[in-house]
Structures are given as C-alpha cells and as structure tokens.
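> Here is a sequence with its predicted model. Questions after.
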Amino acid sequence: MRAMRKGLRGPDVERWQGFLIEQGLLDGRADGVFGDRTDAASRAFQQREGLVVDGIVGAKTLACAQALGLETYRRVRNEEVTPELTDQAKRLLKHHWHEPYGSEYPFEVGGRRYVGRIEQHYHPPGGPLRPWGYHPGVSLFVAVTLGPTEPVHDEASG
C-alpha cells in the first residue's frame, strides 16, 4: 500500500477510510477520496495511537493500523505469478472488463488472499503483447500479513 495523504484517490484510500470508519473515527461512507474528513480522521488515529500527527498515512501509521486489523496489499511481482493466478486474472477480466478502472475483486489462491484490480493497460503497437494500445487489464495484488511477533509476558507469567 502506498503512503497516503490529502489529495490522493483510489482503492487503497477507500480501504483506509473503511478502517477509519470501523475505528469510529470517520463518519459517512468510504468514497476513495482523501479529503478534509479523511485527513482529520487520520490525524485522530495517529494521536490516539501515539504516532506523529501529520495526516500522512506512511509506514508507521500503516503498521499500527495493520496490527489493529487493516488488511493491506502489495502488487504481485512477476516472479510470483503462477498459472493459477494467471487463470484467475483472465476470469476476472472476462467478467469485469467493462467495470470502471479501480474496481477490485477479492479472491483466494492456495490459501492466500488476493485482489484483482481493473486498470488501464498499454502495449505499444507492433510489440509482442496484445491487444496493442490502451485497453482494460487486471493488476494483481496480494494481502500483506504481519510477521510473527514476540509473545507478550507480564511479570507474573514469567
């Protein structure tokens, strides 16, 4: 997930807004626009969690939110693409190519959570990838999970 701040738009902003709504810090619905209300709610979250209050949802803010249940995604790297992921992307494109760019569709492969996002793709004319020119395509993202954490022990339990 990219760092977010006022003025950005997109599915990741919408996911962040949904988290802020669940946390009781943002009223209304998630619209994917990081405006004044999302900025204020982000600052309230940062203050509540003892973070630097700057309204920028960067690595520390995201890590804190992840520990509280925010699901984040990163783009699937080329070397991670399997035939199963390719087949899933083709199915998503076949059924959702007409949806607005930015539309996301969750799915699972091999027990991992993914999102296929309809985006505008471009292949230069005469190149090996077709269709040439601008066209709808699917970009794949995988859920990022927190690594194992050390158990917390109080004085009494040793």
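Yes, it's here.

> partners of the helix or strand bottoming out on mean pLDDT in the chain in the sheet?
The weakest-scoring helix or strand in the chain, judged by mean pLDDT, DSSP states H and E, is strand 72-75 (a mean of 87). Each strand paired with strand 72-75, and its direction, by DSSP bridges: strand 133-144 (antiparallel).

> Give me the contacts around the helix or strand encompassing V115.
Per DSSP states H and E: V115 is located in strand 112-123. By CB atoms under 8 Å, 6 or more residues apart in numbering, the surrounding residues in contact with strand 112-123 are 11, 71, 73, 76, 85, 88-89, 92-93, 96-97, 99-108, 129-143. The way it works is simple: take the backbone N, C-alpha and C, and place the C-beta from them, glycine included.

> still on that earlier bit, buried residues in the least confident helix or strand of the chain?
Buried positions in strand 72-75, judged by neighbour count with 16 or more other CB atoms under 10 Å: T72, Y73.

> Mind exporting the C-alpha coordinates of that strand to CSV?
Taking Å, rounded to 0.1, in the frame of the first residue of the first chain, the C-alpha atoms of strand 72-75 are listed here in CSV:
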residue,chain,number,x,y,z
THR,A,72,-3.1,-4.1,3.1
TYR,A,73,-2.0,-5.3,-0.3
ARG,A,74,1.1,-5.0,-2.5
ARG,A,75,1.4,-5.6,-6.2
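
> For the residue nearest to Q23 when sequence neighbours are not counted, give me its contacts.
Distances taken as CB to CB, 6 or more residues apart in numbering put F45 closest to Q23, at 6.5 Å, once the chain neighbours are dropped. By CB under 8 Å, 6+ apart, the contact list for F45 reads L20, Q23, L25, L51, T61, A65.

> Over to R5?
Per CB under 8 Å, 6+ apart, neighbours of R5: F34, D39, G55, I56, V57.

> same question, A30
A30 neighbours (CB under 8 Å, 6+ apart): E14, R15, Q17, G18, I21.

> Next, find the distance separating it from V13.
When distance is defined by CB to CB, to the nearest Å, A30 is 8 Å away from V13.

> so where do the helices sit in this structure?
Applying DSSP state H to the chain gives helices spanning 11-22, 36-48, 59-67, 83-96.
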